[in-house]
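Peer 1: mind folding the following:
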Amino acid sequence: MFIATLIALGRLSSGDVSAAMDRLAAAGCAPAGSGWIDEGDAADIVFGLHADDAREALAGAFAKTDVVVQPIAGRAKALIVADMDSTMITVECIDELADYAGIKKKIAEITERAMRGELDFAAALDARVALLAGLEEAAIDRCLAERVRLMPGARTLVRTMTARGAFAVLVSGGFTRFAEPVASEIGFDRVIANRLNVRDGRLDGTVAKPIVDSSTKQTALAEAMAERGLAREATLAVGDGANDLAMIRQAGLGVAYRAKPIVAAAAGARIDHGDLHALLWAQGIARKDWVVD
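Peer 2: Prediction:
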C-alpha cells in the first residue's frame, strides 16, 4: 500500500482531497481512503497501486500544493541526512562571505552553476575559495551573525525527529565555521563540512582536502545507515543542489527542497511551496506532536 500526502499550509480543502481521490481513481491507483493530518494544512490518501502513476496524476494538479507519494511501510524515518545551504539555512554562505570581500556577484554566479550541475563541484569550490584569499577571518563570524538564518521549520523538523529516536546528520559542501554552529542550533547529532584554511588571521585561499562533495554526502548516509542497522526505507535525505543528488537517490525518501531543476527532476519527492515543516507532515506527524521551542 502507498500513501499520497497533500501539503498546502492553510489552503487545503476537502474538495481538493476529493479531487485528488478522483485523479488517483482515474489513473488506476485504487484509492482506499483519506484523512486529515492537520485540517487545512495536510491530508493523506491511501491507495493500492502504481505509485509512479499517482505522482504523475497529482503533480501540479493543485495550486501551491506539495505532494509526497511513498509506501506506507517505513513512512516515519529513523535517519535524516540534510544539506545546509539553501536547505537548512536560507542563504549560500560562500556567496554571503564573498559580499564582505566585495565580490558576491562573481562568486554567486559560480555557485549557481555548480548547484545546477554545470560545473564540477570540487573545482568550483576551489576556484571560489581562491577568490577569497586575504579576507579577514573575522568576516566569517560577522557573516554568521549578520546573514545566516535558519530555514523555517528546520529546528522543529530535526528536533521532532530526534525526540522520536531518529539520528540527524548535517552534511555540507560549505564550511565548518558555519555548519558547526548551525548544526548545534538546530539539533543535529553529527556535522560534516569543509574546513577553510586560515593564516595570520586571513583566509589563505584554500580549503582542506578531501573536499566534502556529492560522494561524501552519499557515504555519510550509507555509514549512518550501517551504524544504526537501518534499512534504506527508514532514511530521509533532503537538499537542493546537484551535489545532493546521490544521497537523495539513495535514501528511502529523497526530497528535493526548493531545488535546482536537475535535482527536482530526479528526486522521488519535492517540496516547492512549503517550508521544512512539510517533511513532518510527509511522515504523518501532526502539529500537536511537533517539538517546538
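
Peer 1: tell me which stretches of the stretch 1-150 of the chain form strands.
Peer 2: 2-7, 31-38, 42-47, 66-71, 79-82 (DSSP state E, counting those that start in this stretch).

Peer 1: buried deepest among these, which one?
Peer 2: Comparing these by mean neighbour count (mean count of other CB atoms under 10 Å), strand 79-82 comes out on top with a mean of 28. C-betas here are computed from N, CA, C, even on glycine.

Peer 1: and that strand, what other elements does it pack with?
Peer 2: Under the contact criterion of 3 or more CB pairs under 8 Å, 6 or more residues apart in numbering; DSSP states H and E, strand 79-82 touches helix 154-163, strand 167-175, helix 214-228, strand 235-239.

Peer 1: what residues of the following helix or strand past the shortest one count as buried?
Peer 2: Remark: after strand 235-239, the chain's next helix or strand is helix 245-250, criterion DSSP states H and E. Neighbour counts over helix 245-250 (16 or more other CB atoms under 10 Å) mark 245-248, 250 as buried.

Peer 1: could you export those as TSV, including distance to residue 71?
Peer 2: Converted to TSV, those look like this (distance: CB to CB, whole Å):
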residue	distance to residue 71
245	21
246	22
247	19
248	17
250	16
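
Peer 1: hang on, the earlier thing: would you turn the strands of the stretch 1-150 of the chain into JSON lines with mean pLDDT?
Peer 2: Shown next, in JSON lines, are these (pLDDT from 0 to 100):
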{"stretch": "strand 2-7", "mean pLDDT": "98"}
{"stretch": "strand 31-38", "mean pLDDT": "98"}
{"stretch": "strand 42-47", "mean pLDDT": "98"}
{"stretch": "strand 66-71", "mean pLDDT": "98"}
{"stretch": "strand 79-82", "mean pLDDT": "98"}
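
Peer 1: dump those strands to CSV, plus distance to residue 89.
Peer 2: Listed next are the strands of the stretch 1-150 of the chain as CSV, based on distance: least, CB to CB, whole Å:
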stretch, distance to residue 89
strand 2-7, 21
strand 31-38, 25
strand 42-47, 24
strand 66-71, 20
strand 79-82, 10
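
Peer 1: what stretches of the stretch 101-250 of the chain score poorly on pLDDT?
Peer 2: Of all residues in the stretch 101-250 of the chain, none has pLDDT under 70.

Peer 1: ok, and what's touching stretch 44-63?
Peer 2: 1-6, 8, 11, 16-17, 19-21, 23-24, 26-37, 67, 69-72, 284 (CB atoms under 8 Å, 6 or more residues apart in numbering).

Peer 1: one step back: most packed of the helices and strands packed on strand 79-82?
Peer 2: Most buried among these, counting by mean count of other CB under 10 Å: strand 235-239, with a mean of 28.

Peer 1: if we can go back for a sec, just curious, which of the buried residues of helix 245-250 is nearest to residue 212?
Peer 2: Comparing the buried residues of helix 245-250 against residue 212 with CB to CB picks out residue 247 as the nearest, at 11.7 Å.

Peer 1: which residues touch the closest one?
Peer 2: Contact analysis of residue 247 by CB under 8 Å, 6+ apart lists 81, 171, 214, 217-218, 220-221, 237, 239, 254.

Peer 1: distance check, it against residue 133.
Peer 2: 31 Å (CB to CB, to the nearest Å).
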